[in-house]
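>>> Build me a model:
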Amino acid sequence: MKKYLMLAAATGLLATSLTTAQAEPGGCLKYGAAGAVGGHVANHHGVLGAMGGCVTGMYVRHRYRKEARAKAALYDQEHPGAKGSYEEKATAYDVEHSTKPGQMTGTAPATNAPAATAPAQPQ
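Numbers count the residues shown, from 1 in each chain. Alright, predicted model coming up:
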């Protein structure tokens with residue numbers, strides 16, 4: 001019986017790990033769990049911490065999705081008629097423009113050009 005239970009658990013774990021997951025920030029469960037732990041440590045207010053964490057997680061995910069929709073709109077402007085979901089278009093925009101999720105502008109590469117120096121003053 002124990003062998004069948006372990007086999008069923010391993011099969012369930014394998015089945016859940018094969019699905020494609022989106023790379024989104026936590027959300028209500030992840031932030032709520034962290035808030036519950038923090039609230040419990042801070043004078044046994046676990047429920048209050050969980051509610052605050054849940055609200056924070058929903059806001060972070062909302063901000064992430066809003067930015068992804070904005071990147072998808074920019075991608076549609078550059079590539080009219082492109083197919084795919086807004087997550088796919090936002091990822092394609094990130095790849096083309098060297099940006100990261102959470103940043104709308106890319107980082108400028110460092111140049112090795114000499115900086116303009118002020119003329120030397122006599123001593």
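>>> Only C-alpha atoms from now on, for both contacts and neighbour counts.
Noted.
>>> Just give me the neighbour total for Ala68.
When neighbours are counted by other CA atoms under 10 Å, Ala68 registers 23.
>>> Hmm, I typed the wrong one, I wanted Tyr93.
Tyr93 sits with 22 neighbouring residues when counted by other CA under 10 Å.
>>> What of Gly84?
Gly84 has 10 nearby residues by other CA under 10 Å.
>>> ok, now which ones touch it?
Applying CA atoms under 8 Å, 6 or more residues apart in numbering to Gly84 gives no contacts.
>>> repeat for Gly52
Neighbouring residues of Gly52 by CA under 8 Å, 6+ apart: 32, 35.
>>> Tell me how far it lies from Met58.
Gly52 is 10 Å from Met58, where distance means CA to CA, to the nearest Å.
>>> Check Tyr4 too.
39 Å.
>>> Comparing those two, which residue is more hemmed in?
Shown here are Tyr4 and Met58; by other CA under 10 Å, Met58 has more neighbours (18 against 9).
>>> Pretty sure that one sits against Leu29.
No - using CA atoms under 8 Å, Met58 makes no contact with Leu29, being 9.3 Å away.
>>> May I have stretch 85-93 as CSV, with CA atoms only?
Extracted C-alpha coordinates of stretch 85-93, given in CSV (Å, rounded to 0.1, in the frame of the first residue of the first chain):
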residue,chain,number,x,y,z
SER,A,85,-0.9,36.5,-26.3
TYR,A,86,0.2,39.7,-24.6
GLU,A,87,2.6,37.7,-22.4
GLU,A,88,4.3,36.3,-25.5
LYS,A,89,4.5,39.7,-27.1
ALA,A,90,5.9,41.3,-23.9
THR,A,91,8.6,38.6,-23.8
ALA,A,92,9.4,39.2,-27.4
TYR,A,93,9.6,43.0,-26.7
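>>> Please enumerate the helices of this protein.
2-17, 28-41, 46-78, 86-97 (DSSP state H).
>>> Could I get the average pLDDT for the second one?
Put plainly, it is helix 28-41. Here helix 28-41 scores 91 as its mean pLDDT.
>>> if I pick Ala70, what's in contact with it?
Going by CA under 8 Å, 6+ apart, Ala70 touches Ala90.
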